[in-house]
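Novice: sharing a model that was predicted from the sequence below.
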Amino acid sequence: MFVNQLNNALSIDTLRNKIPSAFAEDASAKVSNRYQYLPSYPLIEYMMANGFKAFDAYQSRSRTAEGREHVKHLVRFVNTDIKVGGSKVGDTFASSTFTNSHDGTSSFTFQDSVWRQACGNGLMVVSSLEDILRIRHYVSALEKLKEQLPAVLARFDKNSKIVEDFSIIKLNEEEQNAFAAMAIDLRWQPENSEGVIISTAPIHAEKLLVTRRTEDNEIKDTLWGSLNIIQENIMQGGQRGISSGNTRLTVRPVKSVDTDLRVNKALWSIADGIRMAKAS
C-alpha cells in the first residue's frame, strides 16, 4: 500500500523529543573557551519557515546523559514545492541534510540532497560533494544561512538534471552487480591482513539488489533504480547474514550520522561516475 509520506512532516515538538541535542541550551563542558555556542534550533526553525519540512531526524548515541545533550544530530529537510527530475523518477523533491553538534566535533553543515517519496519510506541520496554549506561556530550561523539559502535553492536545477539522467541510463546485470559490490565495501569496509583484502560484510552484494516494492521492479534496470534500491537496502538493513564468527544475524539499519553521510555521499559519487562514463 502506498503511504503518503508528504503528510508526515515532523513538528518542532517532535524534533525536540527525537533530537534533544539540537535544542541544547549551552555547549558541552568539554569544549574550550574559544568555542562559541550557537544553537541548532534557530536554523531548524528558519528552514521550516522558508518552505522546508523535516521528514527525518536522529542523533548519535552516547553512553552518558551529558553526552546525549550535545552529540551530533541530523535533520533531513524537504521542500515539497520543488520537484526534482522528470516523470520517470516519480515523486522526488529538493532536500537538504542538516548536521551539527554542540560538543565541538562538527560545524553546521547543509548538504544538498534529493528525497524520493516511496512506500512508507523517505529515501535520501546525497548530491555533489561540492554542494555543501558549512558554517563554523565563530560566525552568526543564522545570518550566514539567510545569506546562502538562495544559492542552495539555485543548485537544485543542476541536481534535477542529474537525477533525470540517472533515470534514463540503463544498467545490465553485470553493471548492477558491480555497483552493489562497491556499495558493500562502502558499508562494511574490508580489512587488510598482511596484504590480503578480507571482506567484513555479513551479506553478499546481490542482496542489495532485492527490490522492496513492486513499483521498483519497473526501474531496477536503470541507474536511478539501482541507486535507490541499493541505498535503501544498505540504510534500512533487515537482511539475514552471517557474521565473521560464523553466526547468523540480521543486518541493522544505519543509525550513525557519520556513516549515514559517508555512505550516501559515496553512493551518489559512484552513480555520478557511472553517469559520466556512460556519456563519454
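Specialist: That came through fine. Numbering: from 1, shown residues only.
Novice: domain assignment for the protein?
Specialist: 5-156, 169-279 (automatic domain parsing).
Novice: mind putting those in JSON lines, mean pLDDT included?
Specialist: Shown next, in JSON lines, are the domains of the chain (pLDDT from 0 to 100):
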{"stretch": "domain 5-156", "mean pLDDT": "79"}
{"stretch": "domain 169-279", "mean pLDDT": "91"}
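Novice: I figured residue 212 hits residue 230, correct?
Specialist: No. Between residue 212 and residue 230 no contact is recorded; they are 11.4 Å apart, counting by C-beta atoms under 8 Å. The C-beta positions use only the backbone N, C-alpha and C, and glycine is treated the same way.
Novice: show me where the protein has strands.
Specialist: 53-59, 73-83, 92-100, 108-118, 121-126, 132-135, 191-193, 196-198, 240-242, 248-250 (DSSP state E).
Novice: related to what we said a few turns ago, okay, the domains of the chain in TSV with distance to residue 163 and mean neighbour count next?
Specialist: Output for these, formatted as TSV (distance: least, C-beta to C-beta, whole Å; neighbours: other C-beta atoms under 10 Å):
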stretch	distance to residue 163	mean neighbour count
domain 5-156	4	18
domain 169-279	7	16
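Novice: now tabulate these in JSON lines and tack on distance to residue 162.
Specialist: As requested, these are exported to JSON lines (distance: least, C-beta to C-beta, whole Å):
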{"stretch": "domain 5-156", "distance to residue 162": "7"}
{"stretch": "domain 169-279", "distance to residue 162": "7"}
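Novice: from the contact counts, what lies against the longest helix along the chain?
Specialist: If you go by DSSP state H, the chain has its longest helix at helix 257-279. For helix 257-279, the elements it packs on are strand 73-83, strand 92-100, strand 121-126, helix 156-168, helix 173-187, helix 223-236, judged by 3 or more C-beta pairs under 8 Å, 6 or more residues apart in numbering; DSSP states H and E.
Novice: including distance to residue 275, could these go into TSV?
Specialist: Formatted as TSV, those follow (distance: least, C-beta to C-beta, whole Å):
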stretch	distance to residue 275
strand 73-83	20
strand 92-100	16
strand 121-126	13
helix 156-168	5
helix 173-187	12
helix 223-236	6
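Novice: what's the longest helix of the chain in contact with?
Specialist: For helix 257-279, contacts defined as C-beta atoms under 8 Å, 6 or more residues apart in numbering pick out 58-60, 72-74, 97, 99, 111, 124-129, 162, 165-166, 169, 171, 175, 179, 182-183, 186-187, 223, 226-227, 230-231, 234-235, 254.
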